[in-house]
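*Asks:* 3D, please:
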Amino acid sequence: GAHGGWQALSRQADILRPVIHRAVWPLHVPPFLRSLLQFFKACLASLLMALPAWAAETQVTSTRVWPAPDYTRVTIESQQPVKHTLFRLDNPDRLVLDLEDVALGATLNDIPGKISAEDPYIKGVRVGRFKPGTVRLVFDLKAKIRPEVFSLAPIGDYGHRLVLDVYPLEPPDPLLAFLR
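*Replies:* Got it, this is the predicted structure:
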């Protein structure tokens, strides 16, 4: 009759019920455990999303500062090339070097201690995270300067180097320097 089709369908459902129950067992997890699993899943997803940003940051391995009468050289060494932006600010005179995708660590934080009071062009330097993904170095200057920045490829024991040369706007007169 009319109910025979439903009865056959019901019998098939009874046969499949144990199979279906095993396939969807997570739906029958107690609510507390389900919440705990969702929490761990969210934590893992957050960590995995943050990992590429952290792993992408270049690590600075060394910094050097060489003051000289003609110019001051600042070198930032790393295992990968460093993308950068350089610009000047007036009143007071400052030089800003933004480093893209660089980790802010102890090596960069040590640069201020490498600027000597006798440096003819650089008064001091401040280092900090400007915005996510950008480390900013602000050089406080003693005079108007002409900066030059360039990159050097690895050679020997040296890695990739970002070199900042700080020249005076008016070069020293060699005759006056000789007479002193």
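*Asks:* And the strands in this structure?
*Replies:* Along the chain, counting by DSSP state E, strands occupy 60-67, 72-78, 83-89, 94-100, 122-131, 134-141, 145-152, 160-168.
*Asks:* Identify whichever of the ones you listed lies nearest to A106.
*Replies:* strand 60-67 (9.3 Å; C-beta to C-beta). Yep, even glycine has a C-beta here, placed from its N, CA and C like the rest.
*Asks:* What average pLDDT does the closest one get?
*Replies:* For strand 60-67, the mean pLDDT works out to 96.
*Asks:* again with stretch 101-114
*Replies:* On average, stretch 101-114 scores 95.
*Asks:* As CSV, the strands of the chain with distance to F32 and mean neighbour count would be great.
*Replies:* Below are the strands of the chain laid out as CSV (distance: least, C-beta to C-beta, whole Å; neighbours: other C-beta atoms under 10 Å):
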stretch, distance to F32, mean neighbour count
strand 60-67, 47, 16
strand 72-78, 48, 21
strand 83-89, 48, 13
strand 94-100, 45, 19
strand 122-131, 40, 15
strand 134-141, 43, 20
strand 145-152, 56, 15
strand 160-168, 52, 19
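*Asks:* CSV for the ones you listed, including distance to I115?
*Replies:* Shown next, in CSV, are the strands of the chain (distance: least, C-beta to C-beta, whole Å):
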stretch, distance to I115
strand 60-67, 6
strand 72-78, 9
strand 83-89, 17
strand 94-100, 12
strand 122-131, 5
strand 134-141, 8
strand 145-152, 14
strand 160-168, 11
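*Asks:* between those strands, which gets nearest to R34?
*Replies:* Among the strands of the chain, the nearest to R34 by C-beta to C-beta is strand 122-131 (38.7 Å).
*Asks:* In the chain, where is pLDDT below threshold?
*Replies:* Within the chain, the segments meeting pLDDT under 70 span 1-29, 37, 40, 42-56, 174, 176-180.
*Asks:* that older thread, wait, which of the strands of the chain is closest to Q38?
*Replies:* Distance to Q38, taken as C-beta to C-beta, is lowest for strand 122-131 among the strands of the chain, at 32.4 Å.
*Asks:* thinking again about what came up before, the strands of the chain: which one's closest to L33?
*Replies:* strand 122-131 (39.8 Å).
*Asks:* tilt between the closest one and strand 134-141?
*Replies:* Put simply, strand 122-131 runs at 160 degrees to strand 134-141, going by axes from the mean of the first three to the mean of the last three C-alpha atoms, to 10 degrees.
*Asks:* List the pairing partners of strand 122-131 within its sheet, with orientation.
*Replies:* Here strand 122-131 has these sheet partners by DSSP bridges: strand 134-141 (antiparallel).
*Asks:* quick one, the strand it pairs with and strand 145-152 angle?
*Replies:* Using the same axes, to 10 degrees: strand 134-141 against strand 145-152 is 140 degrees.
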